[in-house]
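1. Here is a sequence together with a model predicted from it:
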Amino acid sequence: MSSEIVLKVEGLSKCYHIYDKPRDRLLQMLAYGKKQFFREFWALRDISFTVPKGETVGIIGRNGSGKSTLLQIICGTVSSTSGVVDTRGRIAAILELGAGFNTEFTGRENVLLNAAILGFSKEDMEERMAEVLAFSELGDFLDQPVKTYSSGMYARLAFSIAIHLDPEILIVDEALAVGDARFVAKCMRRIKDIITQGTTVLFVSHDVSSVRTLCNRAIWLDQGRMVEEGEVFPVTDRYMAFMFKDEHSSEEALQSEITAQQNTSSSKPRDLVQDITSEKNPIAILNAFEPMPEIALDSRPVTHWGSCKNIILSAFVRDKHGTRKNIYAWGEEIEIFIDLSVPAEISREYLSIAFSIKDLKGTDLIVSTTRDFEHKQLPEKDRFSVSFRLINPLVTGKYLLVAAVENRQYNDIHYYEYFEGAHYFSSLAKERFFGLFQPPIEQLIMVN
């Protein structure tokens, strides 16, 4: 990653005037500023950050937090009320569906239109048309009016145009959410290729796992304000914890988090151990992070939240002899051990104990729960433990353990407690594997 700054946002704010009645617009014009007939809605308030060349930044936040407005101002399609945006290099953007398209034009004509706006000649783009067509997989629809396209076809065309215009800055605003799974996977692979080529990427998504996979930094917005920016893992940790709080406590936690971030010097690195244990820290107020014996001396990020915490007394990976270690060999027997104290008032009928092993980007590699097995009913006693035994399939690398206590009564899982980062450990294999994990595989060769 280069130290050259290709995007600088300083003091950016955007205010919209909301009129209750159409006539109020006319009255406002005639009032000459002596009276106000509108309400102010601040979509953005005093947003500042910089992005070096080659960095991939994820922008996260609830609906209505100002993410799309921020990207539109950066692209130049919306003007700001105050503040400065300085960009260096060609920007290609995939914004909300239909943005930048003339619906009366065909897909091919829209390709040429977007290319012309960014300074490409018709001849240059005609040479790339075959590549655009091949990637978008639109076939004959490329010569049909865009107004006949489905939302998925919109996304295909928009993404294909953006990646074939050699952008220095690529902006993706939740456009892939409407695509089918195969095309989304294809786009994600292409984005990774673009990143390796040194392109700067701004990526907006509600899928935290995608943000963790692609991005090395995250910016969290809420109600038009910047809550936090920093390394992707801890920022997304706190965002997920915030999202699972009830509405009232969430707003209080948000105010505390914003105040703390404003008072924290950006030049001073955060001490996560102190963050976890400090009562003055907003995360402690939010009750998202609490120390446990296994992680008390570990400075790596953890996420801890839920409606009924302190159920999980300890959670870690251990070997077949019951010894907790930090390094395990590929192919050896390991055990996920979770010790619990479940209050009697929590019904055991839908209670589930789950674990996940993730890589350090937060991607789930192995997930299991007590609901996956024949004996689903858990003990009525308050104190009990659950173990999951398996042969370690993890290739050489670093991993973390997630332990969770769930209510599986409804399709939308409710978490009594969720602990991500309960145990950080490594796996070591003598062989060289190329997948994310490698289970034992039996080979059969048959000669006909």
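-> Received the coordinates, thanks. Numbers count the residues shown, from 1 in each chain.

2. Over to A185. Which of the three states is it?
-> helix (DSSP: H, G, I helix; E, B strand; the rest coil).

3. And it, how far from A92?
-> Taking C-beta to C-beta, to the nearest Å as the measure, A185 falls 21 Å from A92. From N, CA and C alone the C-beta is placed, and that goes for glycine too.

4. any idea which element D124 lies in?
-> D124 belongs to helix 122-136 when assigned by DSSP states H and E.

5. What are the contacting residues of that helix?
-> Identification of contacts with helix 122-136 by C-beta atoms under 8 Å, 6 or more residues apart in numbering yields 107-108, 111-112, 115-116, 139, 142, 156-157, 159-161, 163-164, 186, 190.

6. Buried ones among these?
-> The neighbour count (16 or more other C-beta atoms under 10 Å) marks 107-108, 111-112, 115, 142, 156-157, 159-161, 163-164, 186 as buried among these.

7. Need those in JSON lines (columns: pLDDT and secondary structure).
-> JSON lines is the format used below for the buried ones among the contacts of helix 122-136 (pLDDT from 0 to 100; DSSP: H, G, I helix; E, B strand; the rest coil):
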{"residue": "G107", "pLDDT": "84", "secondary structure": "helix"}
{"residue": "R108", "pLDDT": "84", "secondary structure": "helix"}
{"residue": "V111", "pLDDT": "83", "secondary structure": "helix"}
{"residue": "L112", "pLDDT": "84", "secondary structure": "helix"}
{"residue": "A115", "pLDDT": "79", "secondary structure": "helix"}
{"residue": "L142", "pLDDT": "83", "secondary structure": "helix"}
{"residue": "R156", "pLDDT": "80", "secondary structure": "helix"}
{"residue": "L157", "pLDDT": "81", "secondary structure": "helix"}
{"residue": "F159", "pLDDT": "81", "secondary structure": "helix"}
{"residue": "S160", "pLDDT": "82", "secondary structure": "helix"}
{"residue": "I161", "pLDDT": "80", "secondary structure": "helix"}
{"residue": "I163", "pLDDT": "78", "secondary structure": "helix"}
{"residue": "H164", "pLDDT": "79", "secondary structure": "coil"}
{"residue": "K186", "pLDDT": "78", "secondary structure": "helix"}
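
8. Using TSV, please lay out the residues you listed together with distance to V367.
-> Formatted as TSV, the buried ones among the contacts of helix 122-136 follow (distance: C-beta to C-beta, whole Å):
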residue	distance to V367
G107	40
R108	44
V111	41
L112	46
A115	44
L142	40
R156	31
L157	35
F159	29
S160	34
I161	37
I163	32
H164	37
K186	25
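
9. out of the residues you listed, what pair is the most spread apart?
-> L112 and K186 (23.5 Å; C-beta to C-beta).

10. for the protein, what helix or strand is lowest in average pLDDT?
-> Lowest on mean pLDDT, DSSP states H and E among the helices and strands of the chain sits helix 282-286, with a mean of 27.

11. and the helix or strand just after it, what does it pack onto?
-> Per DSSP H and E, helix 282-286 leads on to strand 303-305 as the next helix or strand towards the C-terminus. Other elements packing on strand 303-305 under the criterion 3 or more C-beta pairs under 8 Å, 6 or more residues apart in numbering; DSSP states H and E are helix 232-243, strand 414-428.

12. residues of the first one that come out buried?
-> Residues of helix 232-243 classed as buried: 232-242 (neighbour count, 16+ other C-beta under 10 Å).

13. for the residues you listed, which one is nearest G83?
-> Within those, the smallest distance to G83 is 22.1 Å, found for V235 (C-beta to C-beta).

14. Quick check: that closest one vs L221, distance?
-> Computed as C-beta to C-beta, the V235 to L221 distance reads 11 Å.

15. Likewise for M240?
-> For M240, the distance to L221 - C-beta to C-beta - is 15 Å.

16. Same check on D207?
-> Distance, D207 to L221, using C-beta to C-beta: 16 Å.

17. thought G331 was touching L394?
-> No: using C-beta atoms under 8 Å, G331 makes no contact with L394, being 9.8 Å away.

18. Which one of these two is surrounded by more residues?
-> The neighbour comparison of G331 against L394 (other C-beta atoms under 10 Å) goes to L394, with 26 against 17.
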